[in-house]
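Student: Build me a model from this:
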Amino acid sequence: MLGRLNHVAIAVRDARAAAAAYAVAGAEVSAPAAQPEHGVTTVFVTLPNTKLEFIEHPGEASTISQFLAR
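Tutor: Residues are numbered from 1 along each chain as shown. Take a look at the predicted model:
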């Protein structure tokens, strides 16, 4: 049996912009948080049944940037 989903991580070019539509709709949106050990910035959106984690990497040579370019 499947349990509750904790969160879904989504790679994006701009985490703040990706979360903006959810803020307009009334969802709780966290402040951007730098994760230097991973070289990324994250923004969480809290929904009634889970959280969305938007992940951005500022460098064009990053793994996330290369993934998004494809």
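
Student: C-alpha only now, for contacts and for neighbours.
Tutor: OK.

Student: tell me the helices in the chain, going along the chain?
Tutor: Ranges of helices within the chain are 15-24, 63-69, based on DSSP state H.

Student: Can you lay out the ones you listed as a markdown table showing mean pLDDT, distance to Phe54 and mean neighbour count?
Tutor: Compiled in a markdown table, these are given as follows (pLDDT from 0 to 100; distance: least, CA to CA, whole Å; neighbours: other CA atoms under 10 Å):
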| stretch | mean pLDDT | distance to Phe54 | mean neighbour count |
| --- | --- | --- | --- |
| helix 15-24 | 93 | 5 | 16 |
| helix 63-69 | 71 | 12 | 12 |
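
Student: got a list of what the residue nearest to the spatial centre of the chain touches?
Tutor: With distances taken as CA atoms, centre = their mean, the residue of the chain nearest its centroid is Phe54 (0.7 Å). Neighbour list for Phe54: Ala9, Ile10, Ala11, Val12, Ala15, Ala18, Ala19, Thr42, Val43, Phe44 [criterion: CA atoms under 8 Å, 6 or more residues apart in numbering].

Student: surely the third one meets Ile55?
Tutor: The one in question is Ala11. Yes. Judged on CA atoms under 8 Å, Ala11 makes contact with Ile55 at a distance of 4.8 Å.

Student: Which one of the two is surrounded by more residues?
Tutor: It is Ile55, of Ala11 and Ile55, that has more neighbours when counted by other CA atoms under 10 Å, with 24 against 17.
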